[in-house]
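[1] Just need the structure, nothing else, for what follows:
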Amino acid sequence: MAVNASGGAAQGRSGGQVSGSSMPGAVERRVFVMAPPRTVWATLHDQAATTALFPELRLGPALPAWPAAATTRSAQTRLGLLRDEAWVESLEARPESRFRIRVTGASFESEWSWRLEPVAGGTRVIHAATFEPFDRWTSILVRVGRASLASRVEAHLRELKARSEAVQRGATARR
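    Numbers count the residues shown, from 1 in each chain. A predicted model of the protein is given here:
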């Protein structure tokens, strides 16, 4: 799933500080997608795919400006046994290269980022995330669900890879 700079398999780190990141407690994973950054970007923002790409979020309607930076939308979160109302704010949106959001609930704050790097005819996707509970009960409710931050990041990447490559195969077949 994850690839290192030489194209071989690599394991991401969880806990501690991700190299090149100022986010303590961050998780970072990488995957190579056999599709150009434009396709990966479009897939990441496909309104029809949000439920599959982000199973822990039920996003409210998007404003016309979404995903432009500083736009927000409401959401329902499902993290383990935790159910919470939340706001999702786009912090950075650079088409075909970078997207970053903050998800804030009454009991937690989380940041997610995707960096898209063109490489070898495809795209290296680097997905990092943090999760900061505001209290002890939030941590317990999330842990009881047995879905770690690392497993959620890996699930995001698996779905993004599968959908992006399917779109690319369809585009190639139509040519």
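[2] Strands of the chain, start to end?
    Per DSSP state E, the chain carries strands over the ranges 27-33, 57-59, 72-79, 82-94, 98-105, 108-119, 122-133.
[3] Is it possible to get JSON lines of those that adds mean neighbour count, distance to residue 141 and mean pLDDT?
    Where you see a C-beta, it was placed from the backbone N, CA and C, and this is true even at glycine. Converted to JSON lines, the strands of the chain look like this (neighbours: other Cβ atoms under 10 Å; distance: least, Cβ to Cβ, whole Å; pLDDT from 0 to 100):
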{"stretch": "strand 27-33", "mean neighbour count": "22", "distance to residue 141": "19", "mean pLDDT": "96"}
{"stretch": "strand 57-59", "mean neighbour count": "18", "distance to residue 141": "16", "mean pLDDT": "93"}
{"stretch": "strand 72-79", "mean neighbour count": "18", "distance to residue 141": "8", "mean pLDDT": "93"}
{"stretch": "strand 82-94", "mean neighbour count": "17", "distance to residue 141": "4", "mean pLDDT": "94"}
{"stretch": "strand 98-105", "mean neighbour count": "20", "distance to residue 141": "11", "mean pLDDT": "96"}
{"stretch": "strand 108-119", "mean neighbour count": "18", "distance to residue 141": "10", "mean pLDDT": "96"}
{"stretch": "strand 122-133", "mean neighbour count": "21", "distance to residue 141": "9", "mean pLDDT": "95"}
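[4] mind giving me a markdown table with these and columns for distance to residue 147?
    As requested, the strands of the chain are exported to a markdown table (distance: least, Cβ to Cβ, whole Å):
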| stretch | distance to residue 147 |
| --- | --- |
| strand 27-33 | 12 |
| strand 57-59 | 13 |
| strand 72-79 | 7 |
| strand 82-94 | 11 |
| strand 98-105 | 15 |
| strand 108-119 | 13 |
| strand 122-133 | 11 |
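[5] closest one to residue 154 among those?
    Checking those against residue 154 by Cβ to Cβ gives strand 27-33 as the closest, at 5.7 Å.
[6] between the closest one and strand 108-119, how big is the angle?
    30 degrees (axes from the mean of the first three to the mean of the last three Cα atoms, to 10 degrees).
[7] Make 747 the starting number, not 1.
    Yep, numbering from 747; the last one is strand 773-779 now.
[8] Identify the bridge partners of the nearest residue to residue 814 once chain neighbours are set aside.
    Spatially, and ignoring its direct neighbours in sequence, residue 814 is nearest to residue 839 (5.5 Å; Cβ to Cβ, 6 or more residues apart in numbering). Taking DSSP bridges, one finds residue 845 as the beta-bridge partners of residue 839.
[9] quick one, what contacts residue 826?
    887-893 (Cβ atoms under 8 Å, 6 or more residues apart in numbering).
[10] could you measure it against residue 865, distance?
    With distances taken as Cβ to Cβ, to the nearest Å, residue 826 is found 35 Å from residue 865.
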